[in-house]
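In: please find the sequence and the predicted model below.
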Amino acid sequence: MAGWSEKILDIDLNTQTYKTYPLDMEMAHLFIGGRGLGARLLWDMVGPEVDPLSPENVLIFTNGPLTGTGYQTSNRFSVTTKSPLTGTVLDANSGGFWGMQFKKAGYDVMIIRGKSEKPIWIEIKNDAITFHDASELWGMRVFALTQKLGQNNNKRNVLCIGPAGENLSRIAAIMNDRERALARGGPGAVMGSKNLKAIVIEGKDRPEIEDRERFKFMLYETRKLLAASPLTSQALPEFGTVVMMNIVNNIGALATRNHQQTQFEGAEAISGEELTEKYLVKNSSCWACPIGCTRISRTEKVEGEGPEFESTWAFGAQCGIDNLPTIIEANTLCNDLGLDTISTGSTIACAMELSEKGYMDSDLRFGRADQLAPVIEAMAYRQDVGSDLADGSLRLATKYGHPELSMSAKGLEMPAYDPRGMQGQGLLYATSNRGGCHMRGNMLGPEVLGLPKLIDRFQVQGKSSFVILHQNSNAAIDSLVLCKFTNLGVADEYFARVLSAVTGIQYSTGDMIKVGERVWNLERLYNLREGFTRKDDTLPPRLLNEAPTDGPSQGWVVQLEPMLKEYYRGRVWDENGVPTPKKLAELGLANLM
Amino acid sequence: MPLVKLYANLRKLAGTKELPITGATIGAVVNELVKRNPPVGEVILENGKLRQYIVVTLNGHNTIDLETPVTEQDIVAIFPPIAGG
C-alpha cells in the first residue's frame, strides 16, 4: 500500500541474523507510524520484567507514511524503547537525512533485539544487511566516526553512539547525520548496552504515493503557507530557536540556576540576537525542509550545528553562565560525545546547587564557564565527578540525599520554561508520558506567544483542555512523523489531507486527533503497567511550594492539583489517572487492558 | 518616561535595543515609536492595530489592550513574530 513499505526488518544481535516480515496494516492504520507505531510494538515486546539496559530491551526505529516522500519536513524518524533514565515508555525523534534514507531502504520499522558479543556496526543497503566488526571503532567520538563510515547527505547516512552511549550513561543520545540527536531519555545507553556502535543506511527506493497529483497540490499549498507565515519564513530562519531566550526571560519563566530563580541577568548575552550577530556562520536545514532553522555557529575553537534554545538555556541560565562561546562549545562537545544537552546541562546545574549547599563535595559552582567542558567530558567517560553525573540529576541528587533538587519530572530533566510562570506548562510536564518534556505538547504558543490566541498564563481553570489538545496533536504529528515547526504555518487539517493523498485512505482532522489520543492513552497504559501511578504525575517540590521572590512570576507556584483533577476528567480517566474502559473501547485499546 | 525594549529584527529596524518614549498608554507609546521609526510600524502594526504574532509585554506581563495605562517606571517590551522550542 502506498505510504507504507509494509515491511519490518527484525535484527537479532545475539545471533547476528535478521528476518523481514509484513507490517500489520490494521495496526498501521490505527497508529500510523513513528511514535505511535513504536509504542504499540513496544507494548507487545517489552514488559515490566525487562531491565532497560538488558538484552531483552529493544530499539524500535520507525518512520511514517510521509517520510521520504518530499513533503515539507518529511525527514524525521523515531526510536522507541524502554527508557533507562525514567523506566517509562520512550520515544525520541530526530531530523536530518537518516530517516529519509531509512524509508528509501524499504522498511517502515527496524527492530534491534539482543546483544552482540563484541562491538558491531550494521550496514543496510535495502535488502542487503551486513554485520561488521566495530572493535576498532569502539571509543570513537561521533564526528570522526560519522566521517569514517562515509556520511554523505542524500546518499549514505550514519547513525551512531559516542563514548557516552558506550559507557551506558543514562542520558546518552543516539546521534545521526553527525549533529542531529535522538536525545532524550537515554536511548544511546540502550544502543551501547547492545554493543551496537552504528547503523549506516543507503536506500534506493522512492516511496510510493497513491495520488501524485493531489500530493503535488498539497506540496504547493504547504509551500505557500510556510512562506506566508512570518514564523516559518522569517523568525525561525533569521534567528533560530534561541530567539526565545529574551521573551521567556522577560516574562519571568526562564528557569535559572537549577530553578532557583525565574529570570537570568545574563539572558541578553546568550540570546538569539547575540548568537546571530557574533557567531552565526550560516543557516542549514534538514532534508525537504524549507524553513531552515538550523544554525551553524563558530567560535575560536569549534564550528558546528546549533545551539538550539534548550541547549543554550541548559548550559546558560540553568548553570548561571552567560558566556555564549563556552555554551556553543559545550553543545558541540555533547554532540561529539553523544549526550542529551538538556539533561547534561540540568544535571550539571543540580550538581552545582548540591555543591554550593555543601551536600556534595565538589568545586562545581554556578557561573563557572571554565568548568563546563571538563565536567561534560568526565560525564561521558564516567570519570571523577562525572561518574556521579552520568546517570542524570535524579540519581545524582538521590545519592547525595536531596532528590528534591533534581529538576525533573518522572526522572527526565525539564526544559527551559519554568512552569511557575506558565501554569499549563506545569501540567504538561507532570503528565508527559516520557517525563519532563516540551515536545509532548508545549503551552508556549497559547500562554506566551498568542498562538493561536493568547490565554492567561497564570490561569488554572480550563487550562487542561488546552494541554490535552496539544498533547494529542503532537502525538499525531510525531506519528506521521513531521517537524512540529511545520504546524506553525500549516493547520492539522493539511496533515490529514496529505496523508490521504499519499496513502489513498481518507483521513479527517478528527481522525488524526483520534490517532494522537490513542497514542497518548497507549503510552499511559504502558507506564501504568510499569508501575507508575498518580503520584508520579508531579513536579519537583520547589515548583509546587517555593514562589519566586521577584520578577513577573513573583508569588506564583504551580497549582498542579486542581489542574490535574480537571485533566483526568478531560481525558475520561478515573481519579487515579487510569483510562476508563469506556475511553479505551472508544480508542480501540480495550484489548490491551 | 517609559522604557521601550525591542527584540530580534526590530532592533535592526530601529537601530537600537531600547529607547525611552513618552506616552500615557501602551497605544500612545507604540504610536510614538512608530512615528519615530516607520519601518518598525510596518512590522508591528496593521490598520493601526497590532499585527498577529506581535507580543507586547508591560513589565513582563502580556498585554493586548493598547489602552492599558503606563507609568514613568514601566518597561514595555515589543517582540516581532518569533517561534522556537
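Out: Everything's here; your move. Numbers count the residues shown, from 1 in each chain, chains lettered A, B, ... in the order given.

In: name the helices or strands packed onto the strand or helix carrying A:Leu564?
Out: Using DSSP states H and E, A:Leu564 maps to helix A:560-571. Applying 3 or more C-beta pairs under 8 Å, 6 or more residues apart in numbering or on different chains; DSSP states H and E, one finds that helix A:560-571 makes contact with helix A:423-431, helix A:463-480. All C-beta spots, glycine's among them, are computed from the backbone N, C-alpha and C.

In: give the buried residues for it.
Out: A:560, A:563-564, A:566-568, A:570-571 (16 or more other C-beta atoms under 10 Å in any protein chain shown).

In: verify the contact between A:Gln260 and A:Glu356 for me.
Out: No - using C-beta atoms under 8 Å, A:Gln260 is not in contact with A:Glu356, being 9.8 Å away.

In: and the buried residues of helix A:560-571, which is closest to B:Glu42?
Out: Using C-beta to C-beta, A:Met563 comes nearest to B:Glu42 of the buried residues of helix A:560-571, at 40.3 Å.

In: which bits of chain B sit near chain A?
Out: Chain B comes close to chain A at residues B:5, B:7-9, B:11, B:52-53, B:55, B:57, B:59-62, B:64, B:77, B:79-85, as judged by C-beta under 8 Å from any C-beta of the partner chain.

In: now the buried members of the residues you listed.
Out: Among the residues of chain B next to chain A, those classed as buried by neighbour count (16+ other C-beta under 10 Å) are B:5, B:7-9, B:11, B:53, B:55, B:57, B:59-62, B:77, B:79-85.

In: give me the subset of the residues you listed that lies in strands.
Out: Among those, the ones falling in strands (DSSP state E) are B:5, B:55, B:57, B:61-62, B:77, B:79.

In: which one of these is nearest A:Ile468?
Out: For those, the closest approach to A:Ile468 (C-beta to C-beta) belongs to B:Asn62, at 22.7 Å.

In: what pairs with A:Ile11 across the strands?
Out: A:Tyr18, A:Ile112 (DSSP bridges).

In: list the contacts for it?
Out: Each residue near A:Ile11 by C-beta atoms under 8 Å, 6 or more residues apart in numbering or on different chains is listed here: A:17-18, A:110-113, A:122, A:129.

In: same thing with A:Leu90?
Out: Applying C-beta under 8 Å, 6+ apart, we find A:Leu90 in contact with A:80-83, A:184-187, A:434.

In: can you tell me how far it sits from A:Lys301?
Out: Distance, A:Leu90 to A:Lys301, by C-beta to C-beta, to the nearest Å: 33 Å.

In: dump stretch A:556-566 to CSV, restricted to CA.
Out: The C-alpha trace of stretch A:556-566 is given here as CSV (Å, rounded to 0.1, in the frame of the first residue of the first chain):
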residue,chain,number,x,y,z
TRP,A,556,3.4,32.0,41.9
VAL,A,557,3.8,28.3,42.4
VAL,A,558,2.3,25.7,40.1
GLN,A,559,-1.3,25.0,41.1
LEU,A,560,-1.0,21.4,40.0
GLU,A,561,-3.6,19.6,41.9
PRO,A,562,-6.7,21.3,40.5
MET,A,563,-5.3,21.2,37.0
LEU,A,564,-4.6,17.5,37.4
LYS,A,565,-8.1,16.7,38.6
GLU,A,566,-9.5,18.6,35.7
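
In: circling back: now tabulate the buried residues of helix A:560-571 in TSV and tack on pLDDT.
Out: Below are these laid out as TSV (pLDDT from 0 to 100):
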residue	pLDDT
A:Leu560	98
A:Met563	98
A:Leu564	98
A:Glu566	98
A:Tyr567	98
A:Tyr568	98
A:Gly570	98
A:Arg571	98
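
In: distance to A:Glu277 added to these, as JSON lines?
Out: JSON lines is the format used below for the buried residues of helix A:560-571 (distance: C-beta to C-beta, whole Å):
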{"residue": "A:Leu560", "distance to A:Glu277": "40"}
{"residue": "A:Met563", "distance to A:Glu277": "40"}
{"residue": "A:Leu564", "distance to A:Glu277": "43"}
{"residue": "A:Glu566", "distance to A:Glu277": "44"}
{"residue": "A:Tyr567", "distance to A:Glu277": "42"}
{"residue": "A:Tyr568", "distance to A:Glu277": "47"}
{"residue": "A:Gly570", "distance to A:Glu277": "44"}
{"residue": "A:Arg571", "distance to A:Glu277": "45"}
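
In: show me which of those residues is closest to chain B.
Out: Nearest to chain B out of the buried residues of helix A:560-571 is A:Met563 (C-beta to the nearest C-beta; 19.7 Å).

In: and the residue lying closest to that closest one once chain neighbours are set aside, what pLDDT?
Out: Distance criterion C-beta to C-beta, 6 or more residues apart in numbering or on different chains; nearest residue to A:Met563, sequence neighbours excluded, is A:Leu427 at 4.5 Å. If you check A:Leu427, the pLDDT there is 98.

In: burial check on A:Thr576, number of neighbours?
Out: For the record, residue A:576 is Asn, not Thr. Around A:Asn576 there are 11 other residues, counting by other C-beta atoms under 10 Å in any protein chain shown.

In: so who does it touch?
Out: A:Asn576 neighbours (C-beta under 8 Å, 6+ apart): A:533-534.
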